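Student: coords please:
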Amino acid sequence: MSVPFRRCARSDLHRGALSSTLYSSASLKSAMDTVFIEDLRIDAVIGIYDWERRVRQTLAFDIEMAFDNTVPAASDDIALTLNYKDVSKRLIDYVGGSSFGLVETLAERCAAIIRDEFGVGWVRLKLSKPGAVRGARAVGVCIERGQRPQ
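Tutor: Predicted coordinates for the structure are as follows:
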């Protein structure tokens, strides 16, 4: 069963629109938040055509990871967070050194890294290949792996 997704608008965050949902006494027991990385740009060798194997192309990643932020929020301790900088660095190192034919394969490997190495139970990963098709801003895949907590 797929859970409907609503992007958090930047204006929502500034107005504090989410705070009543996340910190009500009823939701604290079962809070599940999303840590996200938006438009992470990484150059990599990707593609099936000969010319693609000779150049590095910029890929764009949008990643959402389920994580209960109530504990790190209460303690203000970065060690208790799902550290998006650490996730980003790991993916930059991995993708930058990779060489895949298909974006589907790369997306699966990145989702596995996030889940296995960072203990994430659910991840949604969108991998875009900007400029790959004339007339389209980007093409790619969006995958979800794991169970999103309810």
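Student: in the chain, which ranges drop under the pLDDT threshold?
Tutor: For the chain, applying pLDDT under 70 flags the ranges 1-31.
Student: neighbours around residue 114, how many?
Tutor: Counted with other C-beta atoms under 10 Å, residues neighbouring residue 114 total 23. C-beta coordinates here come from the backbone N, C-alpha and C atoms, glycine included.
Student: Same question for the one 4 residues further on.
Tutor: Neighbouring residues of residue 118 were enumerated by other C-beta under 10 Å; the total is 17.
Student: what's the answer for residue 127, then?
Tutor: For residue 127, the neighbour count with other C-beta under 10 Å is 26.
Student: quick check, it in a strand?
Tutor: Yes: Residue 127: assigned to a strand according to DSSP: H, G, I helix; E, B strand; the rest coil.
Student: Can you name the residues bridging to it?
Tutor: residue 61, residue 141 (DSSP bridges).
Student: Buried residues, the host helix or strand of residue 92. List them.
Tutor: Assigned by DSSP states H and E, residue 92 belongs to helix 84-96. Buried residues in helix 84-96, counting neighbours by 16 or more other C-beta atoms under 10 Å, are found at 84, 87, 91, 92, 94, 95.
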